[in-house]
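Undergrad: Provided below are the primary sequence and the corresponding predicted coordinates.
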Amino acid sequence: MTFISFNPATGRQNGRFEALDADQLERRLQQSAEAAEGWRHRPFAERAALLNQVAAQLSANRERLALCITREMGKLLSESLAEVDRCARECAYFAAHGQAMLPLARSPVTFEPLGVVLLLGSWHFPLWQLFRVLAPTLMAGNAVLLKLADNLPGCAREIAALMEAAQVPAGLVTSLAIDQARVAELIRDPRVSGLAFGGNREDGARLAALAGQQLKKVELELDEAELHLVLDDADLEAAVDAVLLARLGNAGQQGIEARGLVVTPAIADDFVALLAARLAEWRPGHPEELGSRLAPLACGRQREALHRQLAAAVDEGARLVAGGTLPEGDGWYYPASLLDGVSPDMAVFRRPLPGPLAAVVRVRNEEDIVSLCRGLGPDGTARIWTRELARGEQLARRLPFDRCLVNPDPGRTYPPGMAAEEHFNIKAFCRMRSLRISV
């Protein structure tokens, strides 16, 4: 099998990368298992030193890594640089604080590493989805196998080079160019003790079921629903600022199901008008050029699917306010688009596709909001906009979602679902052992 890398800004090939064959994969897996056995016994100081070396290499090579992300996934170069920087900070964070998160070796309860952990990354955030798990997993004493999304073979090669430059011991962090059949083989292999996956719910369920057959530990970071609920007394400027970042940042490919912008009657027209005016400022531009605000989509098929979904919504009665046309020329660009009058039974609301599209759903009152949200299940985030905090809190307590935010900071730059202060659990790929001595 050959992995082909494309540049979303041009639609042309970056290069071709050969997948590992069965013998090559077996050698890497065995080397990883041997590295895990040695690494589990290394002191925390040595683990921390290695993570600091990785952080230093991320910082030293930030421009090259960011260019690779941009030329393979398409996001703005500024966004790619921010992603690399955040990975470096995460490695440094666990180097500094990881030991304090785990009990001392002489404690009656200890957490010991599982061994080899397989990390499957998403294409939305090529490095971050891996390093957010890699840093604590290494600090806990595990070895790591990395599998990036199929459209990121160049990034996978860069990670391998980065680990070599950081003098990571052979087999401790291994980047794999393999297809889905090989991934399934790894999950079944007894030398692999855990699995972490970031991506859509369907793939997550399939992989978790496969790992569950082997009774292996699984950690999932799945795409979840996100709604903005804009009440009559909302600060429209703040709400629109947040919506623009959520729907247009990373070209709308945030790893969430951007369900819709639910608005109440008194401010609906003003909200749509302001949002349309602000969307016009976000014009597609080459992701490597300073001043560009809207990057291309990651692949051509995704752009076609998004356009079909938008057209279907218009056919079903939604009103196209902005965008909605396929640009001519090279690359997989799509304009910032806005639909008004979307109904909850439309696919653009029920199963929204990644891309720079905002869909406005008009409701009569807060009772309609509660009824609408209760039909969506608990896995999601509601962002409530109101000047009356007590009103926002009261509404939040009636909603089913795991996470409700009243007037969230519109200036946040982190991916939805992972706030700045949140970190992956360092104990996730450890087993708890207890010791009791009777005298």
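TA: Now that the structure is in, tell me what you want to look at.
Undergrad: same for the helix ranked longest in the chain, what does it pack against?
TA: Longest among the helix segments of the chain by residue count, using DSSP state H, is helix 77-97. Packing contacts for helix 77-97, counted by 3 or more Cβ pairs under 8 Å, 6 or more residues apart in numbering; DSSP states H and E, involve helix 44-60, helix 62-73, helix 128-139. Quick note: C-beta positions are derived from backbone N, CA and C, even for glycine.
Undergrad: so which of those is the most packed in?
TA: Each of the helices and strands packed on helix 77-97 was scored by mean neighbour count; the highest is helix 128-139, a mean of 26, by mean count of other Cβ atoms under 10 Å.
Undergrad: after it, next one along is what?
TA: Beyond helix 128-139 in the direction of the C-terminus, DSSP states H and E gives the next helix or strand as strand 143-147.
Undergrad: between that following strand and helix 128-139, how many degrees?
TA: For strand 143-147 against helix 128-139, the angle by axes from the mean of the first three to the mean of the last three Cα atoms, to 10 degrees is 170 degrees.
Undergrad: give me the residues contacting strand 143-147.
TA: Outside strand 143-147, the residues that touch it by Cβ atoms under 8 Å, 6 or more residues apart in numbering are 28-29, 32-33, 35-36, 39, 115-121, 130, 134, 137-138, 156, 159, 171-176, 178, 183, 186, 192.
Undergrad: which positions within that strand qualify as buried?
TA: Taking 16 or more other Cβ atoms under 10 Å as the basis for neighbour counts, the residues of strand 143-147 that come out buried are 143-147.
Undergrad: before we move on, back to that, would a markdown table of the helices and strands packed on helix 77-97 with distance to Leu275 and mean pLDDT be doable?
TA: A markdown table is the format used below for these (distance: least, Cβ to Cβ, whole Å; pLDDT from 0 to 100):
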| stretch | distance to Leu275 | mean pLDDT |
| --- | --- | --- |
| helix 44-60 | 36 | 98 |
| helix 62-73 | 26 | 98 |
| helix 128-139 | 28 | 97 |
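Undergrad: among these, which is nearest Ala322?
TA: Ala322 lies closest to helix 62-73 among the helices and strands packed on helix 77-97, at 25.0 Å (Cβ to Cβ).
Undergrad: before we move on, the earlier item: which element follows the longest helix of the chain toward the C-terminus?
TA: Proceeding C-terminally, helix 77-97 gives way to strand 109-113 as the next helix or strand, assigned by DSSP H and E.
Undergrad: just the residues contacting the helix or strand following that next one, thanks.
TA: Tracing the chain C-terminally past strand 109-113 and defining elements by DSSP H and E, one meets strand 116-120 next. By Cβ under 8 Å, 6+ apart, the residues outside strand 116-120 that reach it are 29, 32-33, 36, 130, 133-134, 137, 142-147, 183, 186-187, 191-199, 207, 429.
Undergrad: just to revisit the earlier point, dump the helices and strands packed on helix 77-97 to CSV, plus distance to Val370.
TA: As requested, the helices and strands packed on helix 77-97 are arranged in CSV below (distance: least, Cβ to Cβ, whole Å):
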stretch, distance to Val370
helix 44-60, 45
helix 62-73, 38
helix 128-139, 33
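Undergrad: and Ile187, how many neighbours does it have?
TA: As a burial measure, the neighbour count of Ile187 was computed by other Cβ atoms under 10 Å and equals 21.
Undergrad: model confidence for it, exactly?
TA: Among the per-residue scores, Ile187 holds a pLDDT of 97.
Undergrad: likewise Pro416?
TA: 44.
Undergrad: counting by contacts, list what the helix or strand hosting Gly260 packs against.
TA: When elements are defined using DSSP H and E, Gly260 is found to belong to strand 256-263. The helices and strands touching strand 256-263, judged by 3+ Cβ pairs under 8 Å, 6+ apart, are strand 224-230, helix 236-248, helix 265-279, strand 357-362, strand 380-385.
Undergrad: sheet partners, orientation included, of it?
TA: Listed by DSSP bridges, the sheet partners of strand 256-263 and their directions read strand 224-230 (parallel), strand 357-362 (parallel).
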